[in-house]
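> next one to model:
(one chain, ligands or ions: 1)
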Amino acid sequence: MTALKIFIESEQEHPLMEILNNICEVEFYSGEMPDKGLILSNDELCYISSTSQRITFDWPNQWNYHVRKKYSLKKELLAKALGISKSGTSSVWDATCGTGKDSLLMLSYGLKVRAFERQEVVASLLVSAISSSMIDEDLSSVLKERFSFEFGTVLDYVKINSESIDWPDSLYYDPMFTDAGRKKKALSRKEMEIFKEVVGDDEDSADFLESLLKLPIKRIVVKRHPNSPELLKGVTASYKGKSVRYDLYCNPKV
Ligand SMILES: C[S@@+](CC[C@H](N)C(=O)[O-])C[C@H]1O[C@@H](n2cnc3c(N)ncnc32)[C@H](O)[C@@H]1O
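From the prediction side, this is the model:
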C-alpha cells in the first residue's frame, strides 16, 4: 500500500501529524504547493479538489444544525428504521462514515456510535474534523462519551477484535453508488467532488452487505434512493421519504 501524501505548509510539528501517522502510513512533504490533494495548514487538514475547491468536514457546524432541529424520534425515518423507540436501540455502528454527517445525526438521537471509514483521504479529513470538534464544549463531551472512530471496515474490525466485541443494537450502511435515480442530496457539491475523486462507487456493496447480514446484529439499515432497487433481497421493512429510503434487514436469530 502506498503512503498517503500530505503537503505541510509549515515545517513545524503539528499535533495532527502524530494522530494521522497512527491511522495509516503518511508521507508529509513541503516545497511547492500542489494543485490538488491533502494540505495541512496551521489549523486544519483540507483536501483541494481538481476544481480548486477547499474541502473540510465542519463537524461543530453540522452538530449545531442537528441540535437546533430538536428531532422527534417517533417521526424521524432513520430513528424509526434503527428501532430507537420500539426496540430500545441505544448503540449503532456506522459502517460508512463518509463526511460524518449521518454519524452526527445518530449521535443527536442520543445513540452511542462507532464509525468506520476505509478510504484514507476521507478518513484523514474525519480525524481532522474530530480533532477540530474539541473546541466545541457540547460536541466534544458527546464525542468523548459516545463516539469512536475506526479506520477500516466493520469486517476488519470484527476480525481483529473477535474476542472482545461489544456488538451494537443496529448497524447503518450507506455505500456510494450511482444509478439513474440516485442523487446524493445530503452532500454538498463540494463534498460530492471529493467522493467522486477519491472514492468512486463502492462496487462491493451487495457482497459487503451479505457479509454484514451474517453478523450477530439485530437490525441492519441500508440507505437507498427511493427509486433504487433493494441492495439485497430480504428487506423486513422500508421507511421511505421524498429523497431517501431506509431498508431494514432484521436478524431473527439475535
Ligand atoms: C455515501 S458515503 C457515506 C456518506 C455518509 N453517510 C455521510 O454522512 O457522509 C460512503 C463512504 O463510505 C465509505 N465506505 C464504503 N464502503 C465501506 C466499507 N465497506 N467500510 C468502510 N467504509 C466504506 C466510502 O469510502 C465513503 O467515504
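
> SS state for the residue in the stretch 1-150 of the chain positioned nearest to the ligand?
At 2.6 Å from the ligand, residue 98 is the closest residue in the stretch 1-150 of the chain, using C-beta to the nearest ligand atom. For every residue, glycine as well, the C-beta is placed using N, CA and C. Of the three states, residue 98 takes coil under DSSP: H, G, I helix; E, B strand; the rest coil.

> check what pLDDT it gets.
pLDDT recorded at residue 98 is 96.

> tally of neighbours for residue 250?
Neighbour count of residue 250, defined by other C-beta atoms under 10 Å: 17.

> in the sheet, which residues pair with it? Tell me.
When assigned by DSSP bridges, residue 250 has beta-bridge partners residue 219.

> for residue 4, see how far away it is.
Applying C-beta to C-beta, to the nearest Å, the value for residue 250 to residue 4 is 38 Å.

> how far is the helix or strand residue 248 falls within from where the chain is centred?
Here residue 248 sits within strand 245-250, counting by DSSP states H and E. Here strand 245-250 shows a centroid-to-chain-centroid distance of 18 Å under the convention C-alpha atoms, centre = their mean, to the nearest Å.

> contact partners of it?
By C-beta atoms under 8 Å, 6 or more residues apart in numbering, the residues outside strand 245-250 that reach it are 77-78, 81, 209, 213, 218-226, 228, 230-232, 234-240.

> state the mean pLDDT of that strand.
98.

> would you put the C-alpha positions of that strand in CSV?
Provided in CSV are the C-alpha atoms of strand 245-250 (Å, rounded to 0.1, in the frame of the first residue of the first chain):
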residue,chain,number,x,y,z
ARG,A,245,-35.4,5.3,1.7
TYR,A,246,-34.1,3.2,4.6
ASP,A,247,-34.3,-0.6,4.1
LEU,A,248,-34.3,-2.6,7.3
TYR,A,249,-32.9,-6.2,7.5
CYS,A,250,-33.8,-7.8,10.8
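
> do you know how far the most centrally placed residue in the chain is from residue 152?
Closest residue to the average C-alpha location of the chain: residue 97 at 0.8 Å, with C-alpha atoms, centre = their mean. Taking C-beta to C-beta as the criterion, residue 97 is separated from residue 152 by 11 Å.

> now swap in residue 26 and tell me
Taking C-beta to C-beta, one finds residue 26 at 16 Å from residue 152.

> out of these two, which sits in the more crowded spot?
residue 26 (19 against 16).

> what about residue 53, how many neighbours?
18.

> which one is it nearest to, not counting chain neighbours?
residue 190 (4.8 Å; C-beta to C-beta, 6 or more residues apart in numbering).

> show me the contacts for residue 140.
133-134.

> hang on, it is in a helix, isn't it?
Yes. Checked against three-state DSSP, residue 140 lies within a helix.

> where exactly do the helices run in this structure?
Here the chain has its helices, by DSSP state H, at 15-23, 59-69, 77-82, 101-108, 120-132, 137-146, 154-160, 189-194, 205-212.

> just put the ones you listed in JSON lines and tack on mean pLDDT and distance to the ligand.
Formatted as JSON lines, the helices of the chain follow (pLDDT from 0 to 100; distance: least, C-beta to the nearest ligand atom, whole Å):
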{"stretch": "helix 15-23", "mean pLDDT": "91", "distance to the ligand": "13"}
{"stretch": "helix 59-69", "mean pLDDT": "96", "distance to the ligand": "9"}
{"stretch": "helix 77-82", "mean pLDDT": "98", "distance to the ligand": "10"}
{"stretch": "helix 101-108", "mean pLDDT": "98", "distance to the ligand": "4"}
{"stretch": "helix 120-132", "mean pLDDT": "95", "distance to the ligand": "4"}
{"stretch": "helix 137-146", "mean pLDDT": "98", "distance to the ligand": "16"}
{"stretch": "helix 154-160", "mean pLDDT": "97", "distance to the ligand": "6"}
{"stretch": "helix 189-194", "mean pLDDT": "79", "distance to the ligand": "7"}
{"stretch": "helix 205-212", "mean pLDDT": "96", "distance to the ligand": "5"}
